[in-house]
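1. Provided below are the primary sequence and the corresponding predicted coordinates.
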Amino acid sequence: MRKNQRFDTTCVHGHEYNDQKLGVFKVPIFVTSIFEQPERETGETRVTDRGTELKYSREENPTVRALEHSLAKLESAEDSLAFNSGMAAISTLYFSFLENGSKIIIPLESYSVTIQLAEELSKFGVKTEKVWPSTDKIIEAIDSNTKIVLLETITNPMLRVVDIDEISKACQERNIPLVIDNTFATPIIFKPLKHGAKVVVHSTTKYIAGHNDIVGGAIVTDKKTISENLWDWRRKLGNIMQPLEAFLALRGISTLSVRFEKISRNALEVAEFLKEHPRVLEVRYPGLKDDEYHSIANKLFEKDLYGGVVTFRVKDGREAIKVLRKVNIIKPAPSLGGVESLLTYPVISAAKLIAPEDRKRLGITEDVLRLSIGLEDVEDLKEDLDQALQ
């Protein structure tokens, strides 16, 4: 594979699979739990390019490995691990990096299950410090006991953007790993490792796979971090991604660039439409020029794209749930990043487990709806929103 390949080409060919004997360059689904061990001719154990044994699909699988090659290249990283969910990736990260006496810093506005799992590690002596999602407050919280700083590139659901460059400098000065959940931004507009992060996490369920038909997760980092700890924790926890899901995620990656660009362009147009709608009180989208986080997003993100999620507040808060019920083309469902547009009520979904007082401070109130834009015609989306809001 040619070095310095451009991003769109990497989306299609980054898996590196090529069986020249059969003339197959599409990654097959290796539906097998076992591999012959040792090799009959040499008597040696089959070894992957990572240096691990290929003997049992709980540890390694060729379809999954092809996906890992692709994810690593997209994030300009050395290696990656694929998991059966985003939370499987997060839990493996926690087991690998944290120990008794460790402190993890997580902004108040993060995926609520990520926060919940961290807080439940208190039984093992791990302290979770939840901080206000701003650059200054996150940096102020870092101290000698901090073992991980875990951030989302764009927060969910209020779409805040912190200055990751400044936070990474503070982490590097103290030799603390900065972990970035890059699900909302994708490597198309932001590559955390190039901005000083140590580890990137993805819910591949979202934009990476992109069709609302699989659940998966990934960790992307350097080879040493994976080989010394993360890979072995995945082996012990048994949460590797399954071959079919890896195959479907690879299919999604091949169209990631064109999907994400169209979705992002549509999202900006929908955000501008909602901003002028008489039934909408507020629109949050970092691509809007008057958005509070537009300048930071402009500094960090590439291609003048800001993602496919738009959050808005309905004027009469009691009407928000009715809007959710009235959409037709847009589907009332959790998740994001797929080809279908989805409308979510955060207080009963992604933010449900955030403490009520914290939700109130963050502005995640009963009048807030989160819209994930899909690949439909943008005029149809605007008409659907208009009739639902009316």
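-> Received it, and whenever you're ready, just let me know what you need. Residues are numbered from 1 along each chain as shown.
2. if we ignore the residues flanking it in sequence, what's nearest Glu59?
-> In this structure, Glu59 finds its nearest non-sequential neighbour in Arg235, 5.0 Å apart by CB to CB, 6 or more residues apart in numbering. No exception for glycine: its C-beta is placed from N, CA and C like everyone else's.
3. show residues contacting the helix or strand where that neighbour lies.
-> Assigned by DSSP states H and E, Arg235 falls within helix 231-237. By CB atoms under 8 Å, 6 or more residues apart in numbering, the residues outside helix 231-237 that reach it are 50, 52, 58-59, 81, 83, 88, 91-92, 95-96, 240.
4. make it 7 Å
-> By CB atoms under 7 Å, 6 or more residues apart in numbering, the residues outside helix 231-237 that reach it are 52, 58-59, 81, 83, 92, 95-96, 240.
5. and for stretch 6-26?
-> Contacts for stretch 6-26 (CB under 7 Å, 6+ apart): 1, 27, 66-67, 69-70, 73-74, 250, 253-254, 256-257.
6. one more time with 8 Å, if that's ok
-> Counting by CB under 8 Å, 6+ apart, residues outside stretch 6-26 touching it are 1, 5, 27, 62, 66-67, 69-70, 73-74, 187-188, 250, 253-257.
7. from those residues, which would you call buried?
-> 27, 62, 66-67, 69-70, 73-74, 187-188, 250, 253-254, 256-257 (16 or more other CB atoms under 10 Å).
8. closest to Pro334 out of the residues you listed?
-> For those, the minimum distance to Pro334 (CB to CB) is 21.1 Å, reached by Leu256.
9. that closest one touches Ile188, doesn't it?
-> Yes - shown here, Leu256 and Ile188 form a contact pair, counting by CB atoms under 8 Å, at 6.8 Å.
10. in the stretch 51-200 of the chain, what residue spans correspond to strands?
-> Counting by DSSP state E, counting those that start in this stretch, the stretch 51-200 of the chain has strands at residues 79-83, 103-107, 127-131, 146-152, 178-181, 199-202.
11. helices of the stretch 1-150 of the chain, start to end?
-> 7-13, 62-74, 86-97, 112-120, 135-141 (DSSP state H, counting those that start in this stretch).
12. dump the ones you listed to JSON lines, plus mean pLDDT and distance to Phe301.
-> Output for the helices of the stretch 1-150 of the chain, formatted as JSON lines (pLDDT from 0 to 100; distance: least, CB to CB, whole Å):
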{"stretch": "helix 7-13", "mean pLDDT": "76", "distance to Phe301": "14"}
{"stretch": "helix 62-74", "mean pLDDT": "96", "distance to Phe301": "16"}
{"stretch": "helix 86-97", "mean pLDDT": "98", "distance to Phe301": "21"}
{"stretch": "helix 112-120", "mean pLDDT": "95", "distance to Phe301": "22"}
{"stretch": "helix 135-141", "mean pLDDT": "98", "distance to Phe301": "16"}
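13. okay, now Ala333: neighbour count?
-> Around Ala333 there are 16 other residues, counting by other CB atoms under 10 Å.
14. can you tell me how far it sits from Leu369?
-> Distance of Ala333 to Leu369, computed by CB to CB, to the nearest Å: 13 Å.
15. nearest spatial neighbour of the residue nearest to the spatial centre of the chain, skipping sequence neighbours?
-> The C-alpha lying nearest the average C-alpha coordinate of the chain belongs to Thr183 (CA atoms, centre = their mean; 2.0 Å). With sequence-adjacent residues excluded and distances taken as CB to CB, 6+ apart, Thr183 is closest to Ser203, at 4.7 Å.
16. quick revisit: check the contacts of helix 231-237 and tell me the two furthest apart.
-> Thr52 and Phe95 (18.2 Å).
17. find residues that contact each of Ala333 and Leu369.
-> 343-344.
18. quick one on the thing from earlier: can you redo the helices of the stretch 1-150 of the chain as CSV with distance to Leu178?
-> Formatted as CSV, these follow (distance: least, CB to CB, whole Å):
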stretch, distance to Leu178
helix 7-13, 23
helix 62-74, 18
helix 86-97, 11
helix 112-120, 15
helix 135-141, 10
